[in-house]
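Engineer: Following is a predicted model, sequence given first.
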Amino acid sequence: MYTYNSFVIEDCDISRLTEAIAVDEMRHMWWLADLITKRGGRPSMELGEVEYVGEDIKEGLERQIEKETEGIEEYERQIEIIDDDEVVGVLRHIVDEEKRHRKEFRERIARL
Ligand SMILES: [Fe+2]
Ligand SMILES: [Fe+2]
């Protein structure tokens, strides 16, 4: 989602930010895949519904903020029920980064 969005967002600063956050999300995927495979699992690459940004940049940023919030809520649910210190540590770190992403997107909306 972010990779594609960074290609089509015309505002340079917002496009570069979205691209940098796409790289963070790729790291999150690596960390999670590593935790899963170390425990004998096989990560799923099944994609949920991907929503790309349209012409309206504010709407696109709002959607990206919603996705970050959904991610934060899901990771926080998992932190509550997972009994594995290493996994919980990684999830907490990811939650911090998702909160930073959300803050960055909110700041861009405020500047529009
Ligand atoms: Fe992420
Ligand atoms: Fe994020």
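Structural biologist: Good, I have the coordinates. Ligands and ions are numbered 1, 2, ... in the order given.
Engineer: which residues sit in contact with the closest residue to A33 other than its chain neighbours?
Structural biologist: Closest residue in space to A33, ignoring its immediate chain neighbours: P43 at 4.3 Å, by CB to CB, 6 or more residues apart in numbering. Where you see a C-beta, it was placed from the backbone N, CA and C, and this is true even at glycine. Counting by CB atoms under 8 Å, 6 or more residues apart in numbering, P43 touches L32, A33, I36, T37.
Engineer: what's the answer for R92, then?
Structural biologist: R92 makes contacts with I79, as judged by CB under 8 Å, 6+ apart.
Engineer: So for it, what's the pLDDT?
Structural biologist: Model confidence at R92, expressed as pLDDT, equals 98.
Engineer: for it, helix, strand, or coil?
Structural biologist: Of the three states, R92 takes helix under DSSP: H, G, I helix; E, B strand; the rest coil.
Engineer: Sticking with E74, tell me its helix or strand.
Structural biologist: helix 57-81 (DSSP states H and E).
Engineer: can you tell if that helix touches ligand 1?
Structural biologist: No: contact check for helix 57-81 against ligand 1, using CB under 5 Å from the ion: none in range, with a minimum separation of 5.6 Å.
Engineer: Summarise which helices and strands that helix is packed against.
Structural biologist: Here helix 57-81 is seen to pack against helix 2-8, helix 12-38, helix 85-111 when contacts are counted using 3 or more CB pairs under 8 Å, 6 or more residues apart in numbering; DSSP states H and E.
Engineer: Buried residues of the first one, list them for me.
Structural biologist: If I follow you right, that is helix 2-8. Residues of helix 2-8 classed as buried by neighbour count (16 or more other CB atoms under 10 Å): Y2, N5, S6.
Engineer: quick check, nearest of the residues you listed to ligand 2?
Structural biologist: Set against ligand 2, the nearest of these by CB to the ion is Y2 (8.0 Å).
Engineer: Test my guess that that closest one contacts E25.
Structural biologist: Yes: counting by CB atoms under 8 Å, Y2 sits close enough to E25 to count as a contact (6.1 Å).
Engineer: pLDDT wise, what is the residue lying closest to L17 once chain neighbours are set aside at?
Structural biologist: Spatial nearest neighbour of L17, excluding adjacent residues (CB to CB, 6+ apart): E104 at 5.8 Å. pLDDT for E104: 98.
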